[in-house]
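# the following comprises the amino acid sequence and a computationally predicted model.
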Amino acid sequence: MLVSPSLLSADFANLAKDIEMINNSQADMLHLDVMDGVFVPNISFGFPVIEAVANICRKPLDVHLMIVKPEIWVDRMSKIGVEIMNVHQEACLHLDRTIHAIREAGMKAAVTLNPSTPVGLLEDVIGELDMVLLMSVNPGFGGQKFIDNAVAKTRRLRELIDRTGSKALIEVDGGVNESTGRLLAEAGADILVAGSYIFNAPDPAARILTLKSL
Ligand code: DX5
Ligand code: ZN
């Protein structure tokens, strides 16, 4: 299993310390949750923080944009050196165009689905995607309860990917811990995002290892 710790649950007064932990851990990437207060009912952080993190983080950056009009920021994300740019399906009127713009800018393209958005809506773009991010909570906050339907949804996405020969990886985000992570692993997830489960623990690196072993 690949693991993408979500910085949203880190200590924002000591980000350098938490990123050093990530650098020295078995984490495969670092998940950055950007919220605009419009697409989701919360505001997190923006470019000054992303750039500061990019300067010291040695893991690839997996940026999850919970914002309207994410296509505006493709070039800026690429210049910062972001590896994976996640845009919400619900936020993109011209999703195919945005996916191509992300790839042409040299990044991996990922589309995120809210819990209420069906997997079938990706049928016509799945071949162009590097990753699909399934939300297993309604986006906007860390520490929420896992929505059980995400397990069956992961299975449906696995079927779509296998049937179409897509190379997209499946990432799941929200309420992930050892037990929900195990269910997602069995359903075919490739990458687990976890915020509170990792950062609210006395030994975050050990929790990363636990999720990696699933
Ligand atoms: C929620 C974010 C998540 C969040 C997950 O909107 O997309 O990445 O940090 O937090 P936990 O793992 O605590 O549910
Ligand atoms: Zn996220």
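Structure received. Residues are numbered from 1 along each chain as shown. Ligands and ions are numbered 1, 2, ... in the order given.
# so which other helices or strands are in contact with the longest helix seen in the chain?
Criterion DSSP state H: the longest helix present in the chain is helix 149-164. Applying 3 or more Cβ pairs under 8 Å, 6 or more residues apart in numbering; DSSP states H and E, we find helix 149-164 packed against strand 131-135, strand 169-173, helix 178-187. (Each C-beta comes from the backbone N, C-alpha and C, glycine too.)
# ok, and what's touching it?
Helix 149-164 has contacts (Cβ atoms under 8 Å, 6 or more residues apart in numbering) with 115, 119-120, 122-123, 126-127, 132, 134-136, 166, 168, 170, 172, 174, 183-184, 187-189.
# distance check, the nearest residue to residue 165 once chain neighbours are set aside against ligand 1.
Leaving aside its sequence neighbours, residue 165 sits nearest to residue 127 (Cβ to Cβ, 6 or more residues apart in numbering; 7.6 Å). Going from residue 127 to ligand 1 by Cβ to the nearest ligand atom, to the nearest Å gives 25 Å.
# same question for residue 148.
14 Å.
# so what sits opposite the closest residue to ligand 2 within the chain in the bridge?
Residue nearest to ligand 2 within the chain: residue 64 (3.8 Å; Cβ to the ion). Following DSSP bridges, residue 64 is listed with bridge partners residue 33, residue 86.
# doesn't residue 34 make contact with it?
Yes. Using Cβ atoms under 8 Å, residue 64 is in contact with residue 34, at 6.8 Å.
# who has more neighbours, those two?
residue 64 (27 against 23; other Cβ atoms under 10 Å).
# need the pLDDT of that one.
Listed pLDDT for residue 64 reads 99.
# next one: the one 10 residues further on
Reading off the confidence values, residue 74 has pLDDT 98.
# again with the one 4 residues further on
Taken from the predicted model, the pLDDT recorded for residue 78 is 98.
# swap in residue 176?
Reported pLDDT for residue 176: 98.
# likewise residue 127?
The per-residue pLDDT of residue 127 was computed as 98.
# enumerate every residue touching it.
Per Cβ under 8 Å, 6+ apart, neighbours of residue 127: 164, 165, 166.
# again, but for residue 15
Counted by Cβ under 8 Å, 6+ apart, residue 15 has contacts 7, 49, 52, 53.
# make CSV from the helices and strands packed on helix 149-164 and add distance to residue 42 to it.
What follows is the helices and strands packed on helix 149-164, written out as CSV (distance: least, Cβ to Cβ, whole Å):
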stretch, distance to residue 42
strand 131-135, 14
strand 169-173, 15
helix 178-187, 22
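# need those in TSV (columns: distance to residue 111 and mean neighbour count).
Below are the helices and strands packed on helix 149-164 laid out as TSV (distance: least, Cβ to Cβ, whole Å; neighbours: other Cβ atoms under 10 Å):
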stretch	distance to residue 111	mean neighbour count
strand 131-135	6	24
strand 169-173	11	24
helix 178-187	18	18
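# coming back round to it: tell me which of the contacts of residue 15 is nearest to ligand 1?
residue 7 (7.8 Å; Cβ to the nearest ligand atom).
# my read: that closest one touches residue 27, true?
No. Taking Cβ under 8 Å as the definition, residue 7 is not a contact partner of residue 27, at 10.8 Å.
# mind jotting down where the helices sit in the protein?
Counting by DSSP H, the helices of the chain are 15-23, 47-56, 74-80, 95-104, 149-164, 178-187, 196-199, 204-212.
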